[in-house]
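Q: sequence and predicted model, in that order:
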Amino acid sequence: MKNISILGFAGSLRKSSYNKAILRAAAELLPEGSELEIFDLEGIPPFNQDMENQLPEKVKEFKGKVRAADALLIATPEYNYSIPGVLKNAIDWGSRPYGDNVFFSKPVALMGASIGMLGTARAQYHLRQTFVCLNMYPLNQPEVMVSFVDKKIDQDNHLTDEQTRQKIKELLEALIDWTKKFK
């Protein structure tokens, strides 16, 4: 049986992003029979409907990778009680032009890391609202909202907190099972 392919991306452009760090941790914790490719949203231009029929190369690459993946794993920070603009921008490109929504019927798991107490709860709930319009299949549980992440990452931007690592592993296992239901 073919491995379940997961495409992961973070809603952050920062090189030492905490959300990129938890994605890298996910790559270390993958269940057997799965693979994770991490895609960097850096370089996707602001969405412009005038360009949706002549996609920029970075957008073509992103859409191709989303389309090819069996499932998605999104790590999002929370900005101003919501999702970061860079993530919303990538989603807008991926769902356009009308009739070419690469997210359609795609299983997806969410996680997020924050230095605050709520660990991206509001951003994740806003993303779930967007998934309704895109007809995606979000995994409901476990929820991975990493609070006080700056205390759980070492100087090399490596996730060291074992409890958090275990929750990410549980999320991945659940995503694999969830994805198999749609294959």
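A: Perfect, I can see it now.

Q: next, count neighbours for the nearest residue to M51 once chain neighbours are set aside.
A: Nearest non-adjacent residue to M51, counting by CB to CB, 6 or more residues apart in numbering: P45, 7.8 Å away. Every C-beta, even on glycine, is put in place using the N, C-alpha and C of the backbone. Other residues lying near P45 total 11 when counted by other CB atoms under 10 Å.

Q: cool, D154 as well?
A: Neighbour count of D154, defined by other CB under 10 Å: 10.

Q: so what's the residue nearest to the spatial centre of the chain up against?
A: In the chain, the residue lying closest to the centroid (CA atoms, centre = their mean) is I74, at 1.0 Å. Going by CB atoms under 8 Å, 6 or more residues apart in numbering, I74 touches 8-11, 87, 108-111, 127.

Q: low pLDDT regions in the protein?
A: Scanning the chain for pLDDT under 70 picks out the ranges 1.

Q: residue boundaries of the helices in this structure?
A: With DSSP state H, the ranges of helices along the chain come out as 18-28, 57-68, 85-94, 121-134, 162-182.

Q: what residues are up against the closest residue to G11 other than its chain neighbours?
A: Leaving aside its chain neighbours, G11 sits nearest to L87 (3.1 Å; criterion: CB to CB, 6+ apart). Residues in contact with L87 (CB under 8 Å, 6+ apart) are 11, 41, 74, 76, 127.

Q: nearest residue to the last one other than its sequence neighbours?
A: Residue nearest to L127 in three dimensions, not counting chain neighbours: I83, with 5.6 Å by CB to CB, 6+ apart.

Q: wait, that neighbour touches Y125, no?
A: No: if you go by CB atoms under 8 Å, I83 and Y125 don't touch, sitting 9.7 Å apart.

Q: so can I have JSON lines of the helices of the chain showing distance to Q155?
A: Output for these, formatted as JSON lines (distance: least, CB to CB, whole Å):
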{"stretch": "helix 18-28", "distance to Q155": "12"}
{"stretch": "helix 57-68", "distance to Q155": "31"}
{"stretch": "helix 85-94", "distance to Q155": "25"}
{"stretch": "helix 121-134", "distance to Q155": "26"}
{"stretch": "helix 162-182", "distance to Q155": "17"}
